[in-house]
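S.K.: what's the 3D shape of this:
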Amino acid sequence: MEVPSLFNIALKKSIDYLRHAIRTSHQNLNEDVSPKLKQAMFDHITNSYYIFHPSVFTILSVNEIDLTPNGITENCIQELARCEFKTLKINCSLNTYQDANDSRVYDIVGLVTACVNPETRRKLEKLKVATESTYRGDWMDTILRMLPNLQTLICKQRATTGFPTLSMAYPHLISLDVSCIALRDINGISFLMNLETLIMRNLTVSHPEDLHELFELQSLKHLDVSRYQKIGEGQCKTIEYLVQGNKVLPKLEFIDCSYLHITDTLLHRLLMLNNGIQQICLFGTDCENIGDIEAVTVLTSVDLRASLKLVDHFFEQEQFLMMHRVFEKIHRLIVEGINYNENQEILNTCFKTFVHYIDNAPQIRAIARTSAICAIRCLLAYW
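M.R.: From the prediction side, this is the model:
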C-alpha cells in the first residue's frame, strides 16, 4: 500500500480548513502561506469533484487559473475579473457567449474580455481555451491586440477551419496551438515571426505552396504536425511537402509526426535538411520500426519500455488522447505476451506508471484515465 506523503496529508487538512473558512466568513489566508501552497490548494479544489465557491479565486490569489475541467458560471467570471494572474485556462461551457443564431459559434473575445481586467491584460502570459465550437470573427487578431504580453496561446477547436486572420505582426507570441479536426491552411502565420513552438495537429494542406509561410518562422524549435489518427495514404502529404523545395527550419529541434504517412526516404530527407533536429516522434507512422538514428532521440511504441517513455512525453505535452492511444498499444503488447522473468522490472514500472497517471489526471483527461485502468486490468490478469 502506498502511504500518502506528509505534504499531501497537510494539503488535505489545509483545504478542509479553507472550505470551512469560505462557508463561514470568507476570510483571507495568512500572508505567510507560500505561493506554491496556495497554487496546490487552488488546483486541488478546482479540479476536484466538489462544487467550489467562486470566492476561492480572490482568497487564494494565484498566478495560474485552470478551469478547463469545470463548468463556468457568471459568478466565476465576475470573481476572475477581480483577480490578477499570469495564466488562464478556461473552457467555453458558459452559454452566454454562444452566437444567438448558431450555437456552434462562440464569442471567445467576449469571454476573455469579461474574465480579464485591464491590469491582468497587460500581465497575462498564457491563455488556453478549450471548446467544441468555432470562434467568432477575427478572434486571434483581437486577442493578441488585447493581451500585449501574451507569450502562449492555445485555442483548440473541433471544427474544420483555416488559419485565423491576422492584420499585423505580433512578435511577443512564442508558442501557439491551433489544432482542430482539419486545419486547411496556415496563411498569415508569418505575422507570428518569433514563434518557437507551433502545434497544428491534423493540418491538411493540398499543395506544397500552402506551407511556404511556415519557413519564414526562423526561430521555430518545436513543430507538431501530427494527427489524432491515420487517414488514407495520399490524403495527407504534410511530410512530403515539408521536404520539397529544400527549404529549412534552421533552429528546429523537435518534430511530432505521429500517424503521418512517412517513408524511410522522406524521414532521411527531413533529418538531412533540418540537421538540428534532436528528437522526433514517429508513433503510428509507416517507419515506427526504424530503430536508432544517430544523434536523434526517436519516440515510438515498438516495445513496453519505449511506450512508457512515449506516455511521459504526451503527458508533458498534455496530449491526453494520444496517451489513450499509447495505453491501447501497451494493452496489446501485454496481451500478445511478455516474458515475465526477463521483463519483471519494466512490468513493475509499467504498473506504477499507470497508477501515477490515474491519480494525477483530472476529469477532463478521463479518456486517458479509463484506458490506463483497462491496461492495469490486463496487466494484473497477465500476472
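
S.K.: so how far is residue 304 from the most centrally placed residue in the chain?
M.R.: Geometric centre of the chain, nearest residue: residue 318, 3.7 Å, by Cα atoms, centre = their mean. Using Cβ to Cβ, to the nearest Å, one obtains 23 Å as the distance from residue 318 to residue 304. Bear in mind the C-beta positions are built from the backbone N, C-alpha and C, glycine included.

S.K.: on that earlier part again, what does the model give the residue nearest to the centre of the chain for pLDDT?
M.R.: Per-residue confidence (pLDDT) for residue 318: 84.

S.K.: And it, how close does it get to residue 329?
M.R.: Computed as Cβ to Cβ, the residue 318 to residue 329 distance reads 19 Å.

S.K.: which SS class is the nearest residue to residue 140 once chain neighbours are set aside?
M.R.: The shortest distance from residue 140 to any residue that is not its chain neighbour, by Cβ to Cβ, 6 or more residues apart in numbering, is 3.7 Å, and that residue is residue 164. Going by DSSP: H, G, I helix; E, B strand; the rest coil, the secondary structure assigned to residue 164 is coil.

S.K.: Tell me how many other residues crowd residue 164.
M.R.: Each residue near residue 164 was counted by other Cβ atoms under 10 Å, and the total is 19.

S.K.: Tell me the spacing between it and residue 272.
M.R.: As for residue 164, its distance to residue 272 is 33 Å (criterion: Cβ to Cβ).

S.K.: Please, where are all the helices along the stretch 101-250 of the chain?
M.R.: Counting by DSSP state H, counting those that start in this stretch, the stretch 101-250 of the chain has helices at residues 108-115, 118-123, 139-146, 238-243.

S.K.: what about the closest residue to residue 165 other than its chain neighbours, how many neighbours?
M.R.: Sequence neighbours aside, residue 138 is the residue nearest to residue 165 in space, at 4.8 Å (criterion: Cβ to Cβ, 6+ apart). By other Cβ under 10 Å, 14 other residues sit near residue 138.

S.K.: One more: residue 81?
M.R.: Burial of residue 81, expressed as a neighbour count using other Cβ under 10 Å, amounts to 15.

S.K.: same question, residue 334
M.R.: When counting by other Cβ under 10 Å, one arrives at 18 neighbours for residue 334.

S.K.: Could I get the pLDDT score of it?
M.R.: At residue 334, the model reports a pLDDT of 77.

S.K.: Mind checking what secondary structure it has?
M.R.: helix.

S.K.: Quickly note the distance from it to residue 41.
M.R.: Distance of residue 334 to residue 41, computed by Cβ to Cβ: 38 Å.

S.K.: again, but for residue 322
M.R.: Per Cβ to Cβ, residue 322 is found 30 Å from residue 41.

S.K.: Looking at the two, which one has more neighbours?
M.R.: Neighbours per residue, other Cβ under 10 Å: of residue 322 and residue 41, the larger number sits with residue 322, 25 against 22.

S.K.: Nice, that's everything, thank you.
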